[in-house]
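# just coords:
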């Protein structure tokens, strides 16, 4: 019971709100509050002060948080070590997804893991490559998909496949489904991700290397907003085929593969070295690899196997 109370306390301390902490530890807010109160009674100290925006640590809470996180990490590490000795795949794995990969892999991954490893708990975070890579390095994520591949001795880097880019938009704007030279992209007002994202940087760097200036008419991150702009407002964008594959295949949008030069990026699966639950991470990574191999064989998403 004391260990569970520590986990509940640490969640409240991390999120600063009982409501958010309750979601993280999968209990009701009243149950969470009751356990934190019992912990305070057992320790004889108030751990939080309430305010309009949530709660903040007291001096006692600040001291306890340092010990609590260390105890929780050690207990989880011990559980994983025992499970690996017994050859069991269990525990919790937190996986980072880019928007495109989430659409294609989330459902089959959950289905495969629940069938093969019913004692394994999965959780997911959607984000962009730079954010997800940092989260793996900090230990917030166990595995993540990323287009960021800078060498780092702290990471295990697995190359997955090459993603090809297409000019995607309504047929009346971009024409039929055939190839288009990179130089011809200057003719179109483009909906692009914001400047800090890797796709934006790759696109602009490639254009600059060819002496071209692209027309970034709108910059927006949200996939749903981009889809709305493309389908209903006669806009176009440069993206991997997979992101709007359904809209392309149903005829809502057209896709023209970019050539001269080919515009591609490589997707990686990142894992932090020295993780406490290596057995589970390796098992999940293997399932991910199998799912991707099957999708590459199907050929629908235009992914290419690395040479």
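Okay, I see it. Worth saying up front: this structure is predicted, and the values here are computed from it rather than measured. Numbering: from 1, shown residues only.
# by mean pLDDT, point me to the weakest helix or strand of this structure.
Counting by mean pLDDT, DSSP states H and E, the chain has its least confident helix or strand at strand 303-304, which shows a mean of 74.
# give me the contact list for it.
Applying CB atoms under 8 Å, 6 or more residues apart in numbering, the set of residues contacting strand 303-304 from outside is 161-164, 242, 264, 292, 295-296. C-beta here means a position set from N, CA and C on the backbone, and glycine is covered the same way.
# tell me the first helix or strand C-terminal of the helix or strand containing residue 168.
Element membership for residue 168 (DSSP states H and E) is strand 155-169. Taking DSSP H and E as the definition, the helix or strand that follows strand 155-169 towards the C-terminus is helix 171-174.
# packing partners for that next one?
With contacts defined as 3 or more CB pairs under 8 Å, 6 or more residues apart in numbering; DSSP states H and E, the packing partners of helix 171-174 are strand 254-259.
# list the helices and strands the helix or strand hosting residue 63 packs on?
With the criterion set as DSSP H and E, the secondary-structure element containing residue 63 is helix 59-85. Secondary structure elements in contact with helix 59-85, counted by 3+ CB pairs under 8 Å, 6+ apart, are helix 2-15, strand 91-97, helix 278-298.
# which other residues reach the last one?
Yep, that's helix 278-298 we're talking about. When contacts are defined by CB under 8 Å, 6+ apart, helix 278-298 is touched by residues 80, 83-84, 87-91, 93, 95, 104-105, 108-109, 112-113, 116-117, 120, 122, 142-143, 158, 160-161, 269, 271, 275, 301, 303-305.
# give me the buried subset of the residues you listed.
By neighbour count, with 16 or more other CB atoms under 10 Å, these hold 80, 83-84, 89-91, 93, 95, 104-105, 108-109, 112-113, 117, 120, 122, 142-143, 160-161, 269, 271, 275, 301, 303 as buried.
# from residue 206, how far out is residue 191?
The span separating residue 191 from residue 206 equals 18 Å under the rule CB to CB, to the nearest Å.
# over to residue 232?
29 Å.
# more neighbours: which of the two?
Set residue 232 next to residue 206 and count neighbours by other CB atoms under 10 Å: residue 206 wins out with 17 against 10.
# so the more buried one is in which element?
Assigned by DSSP H and E, residue 206 belongs to helix 198-209.
# that helix packs against which elements?
By 3+ CB pairs under 8 Å, 6+ apart, helix 198-209 packs against strand 189-192, strand 236-240, strand 264-272.
# quick one: the helix or strand following that helix to chain centroid distance?
Downstream of helix 198-209, the next assigned helix or strand under DSSP H and E is strand 215-219. Centroid separation between strand 215-219 and its chain, computed with CA atoms, centre = their mean, to the nearest Å, is 25 Å.
# who touches strand 215-219?
Residues outside strand 215-219 that contact it (CB under 8 Å, 6+ apart) are 186, 188-195, 200, 229, 235.
# direction included, what does it pair against?
Strands flanking strand 215-219 in the sheet, each with its direction: strand 189-192 (parallel) (DSSP bridges).
# next, the buried residues of the one helix or strand residue 22 maps to.
Remark: residue 22 resides in helix 18-25, with elements defined by DSSP H and E. Within helix 18-25, the residues that qualify as buried by neighbour count (16+ other CB under 10 Å) are 18, 21-22, 24.
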